[in-house]
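*Asks:* Let me see the structure of the following:
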Amino acid sequence: THSDDSTHLKIQIAKYIAVDPATTPVSLPIDNGSFSLKPWSGRRGYNHPVLACLLCPISEIERFEEDPKETIKHLQDGGIELTADTFPAFLWKGDPFESDYNPDDMMHGFLEGF
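*Replies:* Below is the predicted model of the structure:
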């Protein structure tokens, strides 16, 4: 099934995430080789600085770029509300990824990111 495929993909992707890219380069694999997501899930999502930037709502990306640690804290503690219509930055094209985002024309580059 699709959910089975997604689960296997999530497990494999974790091997390619640097623990702290600011100080440590990617060193494969970062997990212990088991298929359990639990031991390493604390290093993913908003707990990981690069993934947090990708998942950050596009409306908050400037705030993230100014102060990533504070923005991550607000994402984790609910200070920044995440709803169904809060789109993550990685959905916009650009190099860097969200650089083509235009708040006056949100559809420009939308769904052309990663």
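
*Asks:* okay, how far is it across stretch 86-102, tip to tip?
*Replies:* Distance between the boundary residues of stretch 86-102 (C-alpha to C-alpha, to the nearest Å) amounts to 15 Å.

*Asks:* same question but for stretch 104-112, I mixed them up
*Replies:* The first and last residues of stretch 104-112 sit 17 Å apart, counting by C-alpha to C-alpha.

*Asks:* again with stretch 55-70
*Replies:* 15 Å.

*Asks:* what's the answer for stretch 47-67, then?
*Replies:* 15 Å.

*Asks:* Touching that stretch from outside, list them.
*Replies:* 17-18, 20-22, 44-46, 68, 71-72, 75-76, 80, 82, 86-92, 97-98, 101, 103, 106, 114 (C-beta atoms under 8 Å, 6 or more residues apart in numbering). Every residue, glycine included, has its C-beta placed from N, CA and C.
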